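J.: Sequence and predicted structure are below.
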Amino acid sequence: MEEIQKLNLADRFFPSLLAGKKTNTLRWQETAIKKGYLLFVSSKNPRWRSLVWVTEIRHARMNEFAPFYNMTPEELQISMQKHYPDIKIDTEVSLVEHLTPQQTIIEHGVPDAWQNKIILKEADLYI
């Protein structure tokens with residue numbers, strides 16, 4: 001069985017991920033991500049896991065992605081410093097774009113090893 005790539009995701013982002021509103025993540029100095037399955041895992045609650053399909057990876061200075069997030073470079077830096085305190089406006093980062101968990105299942109299915117091990121909708125976070 002092929003190992004599925006994984007990234008930690010702050011708990012506060014899980015509801016928007018599962019609602020289909022979060023379809024990208026901006027990362028710095030983390031594991032290189034490639035197109036294909038990606039498992040988001042909560043950094044605090046290991047039961048919170050959601051599978052997405054990575055469609056695009058772009059690398060650029062953080063300030064170049066500010067318009068993508070409808071922010072100024074300074075606003076994006078402040079936002080990113082919550083997770084990466086040492087990040088600077090001109091730091092090279094990776095924008096990882098992905099399908100929603102629901103789109104992933106429709107278009108790519110769920111590997112047998114991950115059946116019943118992932119969360120598909122926000123209501124399941126609180127069971």
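T.: Yes, it's here.

J.: So what touches stretch 80-90?
T.: Contacts to stretch 80-90, defined as Cβ atoms under 8 Å, 6 or more residues apart in numbering, come from residues 10, 26, 28-29, 61-63, 73-74, 76-77, 93. All C-beta atoms are positioned from the backbone trio N, CA, C, and that covers glycine.

J.: Please flag which of these sit within helices.
T.: Residues of the contacts of stretch 80-90 located in helices (DSSP state H): 62-63, 73-74, 76-77.

J.: From these, list the buried ones, please.
T.: Among the ones in helices among the contacts of stretch 80-90, the ones that count as buried by 16 or more other Cβ atoms under 10 Å are 62-63, 73, 76-77.

J.: Rank the helices and strands of this protein by mean pLDDT and give me the bottom one.
T.: Lowest by mean pLDDT, DSSP states H and E among the helices and strands of the chain is helix 14-18, with a mean of 91.

J.: Among the contacts of stretch 80-90, which one sits closest to residue 115?
T.: residue 10 (25.9 Å; Cβ to Cβ).

J.: Next up, phi/psi of the closest one, please.
T.: Backbone geometry at residue 10, expressed as degrees, to the nearest 10, gives phi -60, psi 140.
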